[in-house]
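K.L.:
Provide a 3D model corresponding to the input given below.
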Amino acid sequence: MTRADLGKDPRDVSAMFDRVAARYDRTNAVLSVGNAALWRVATTKAIAPKPGERILDVAAGTGTSSASLAKSGASVVAADFSPGMIEVGRRRQAHVPNLVFVEADAMKLPFGDADFDAVTISFGLRNVKEPKVALAEFLRVTKPGGRLVVCEFSHPPVGVVRAGYDFYQKVVMPPLVKLSSSNDDAYDYLNESINAWPDQPTLAGWIRESGWADVAWRNLTAGIVALHRARKPLTGAVAAPVE
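P.N.:
Numbers count the residues shown, from 1 in each chain. Predicted structure coming up:
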């Protein structure tokens, strides 16, 4: 198995990411035409980590986003279900003292209730077999009043941008993958998973249905990526309508 499919069997997805771990960050930088760094900055600002906070970064991969969060002084747990990703991450982020890596399934997190001030996941929720189960788990491990930030590929609302992005995925992306990735077949799944992923309002609805409040999103790079935000209610309050 060199790639997963839209059935998203956890073993297949984990094995696929094991195989791309060594060149994962470089491939992301190439395929995003440098935008990956900008998306990471936007995500970090949305999380707004503070010294002394405890933050969970799910599907953290090699910990690049986790290290960005840890610069604030917060204690960061980088969770991923790919042993290969964790191995690379521990080696690359060994200099970050307030960052630890944990092998974990997003649908069954090995943490107690209300353990974290904030939970975030970047470009990983669409790889989870049951995203709504994961969103409920994120809520469980977050403190009342705590924050959720989901950064994920989405659907550009403007037709001309959608057409351009479709051309990029079908024509430009394949040769770039062959040049930069250690497993170009795995990136066929990348396109499939992006195209099958729901749009911004639908994901916002999933988040709200999972019990999160103050659900909102904003588009990055014309909607190719969307940054969703929410808070865990202090009580049993009903979530607010999405913007």
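
K.L.:
Could I get the buried residue list for stretch 79-99?
P.N.:
79-82, 84-89, 93, 96, 98-99 (16 or more other CB atoms under 10 Å). Placement of C-beta: from N, CA and C, glycine included.

K.L.:
pLDDT averaged over that stretch, what's the number?
P.N.:
Regarding stretch 79-99, the rounded mean pLDDT is 94.

K.L.:
what sits up against the helix or strand where residue 160 lies?
P.N.:
Assigned by DSSP states H and E, residue 160 falls within helix 159-167. If you take CB atoms under 8 Å, 6 or more residues apart in numbering as the criterion, helix 159-167 is touched by 155-156, 222-224.

K.L.:
for residue 57, helix, strand, or coil?
P.N.:
strand (DSSP: H, G, I helix; E, B strand; the rest coil).

K.L.:
Ignoring the adjacent residues along the chain, who's closest to it?
P.N.:
residue 66 (4.4 Å; CB to CB, 6 or more residues apart in numbering).

K.L.:
Tell me the predicted confidence for that neighbour.
P.N.:
97.

K.L.:
How about the contacts made by residue 218?
P.N.:
226-227.

K.L.:
For the helix or strand containing it, which strands pair with it and how are they oriented?
P.N.:
Taking DSSP H and E as the criterion, residue 218 maps to strand 213-220. Paired strands of strand 213-220, with direction, are strand 225-231 (antiparallel) (DSSP bridges).

K.L.:
Go ahead and name everything in contact with the strand it pairs with.
P.N.:
35, 39, 42-43, 46, 145-154, 200, 203-204, 207-208, 212-220, 239.

K.L.:
Go through those residues and flag which are in helices.
P.N.:
35, 39, 42-43, 46, 200, 203-204, 207-208 (DSSP state H).

K.L.:
Could you list which residues are in contact with residue 74?
P.N.:
Contacts for residue 74 (CB under 8 Å, 6+ apart) come out as 49-55, 98, 117.

K.L.:
most neighbours, which of those?
P.N.:
residue 55 (26 neighbours; other CB atoms under 10 Å).

K.L.:
I'd guessed that one sits against residue 49; true?
P.N.:
Yes: contact criterion CB atoms under 8 Å: residue 55 and residue 49 qualify, at 5.6 Å.

K.L.:
anything in contact with each of these two?
P.N.:
By CB under 8 Å, 6+ apart, the residues touching both residue 55 and residue 49 are 69, 74, 76, 118.
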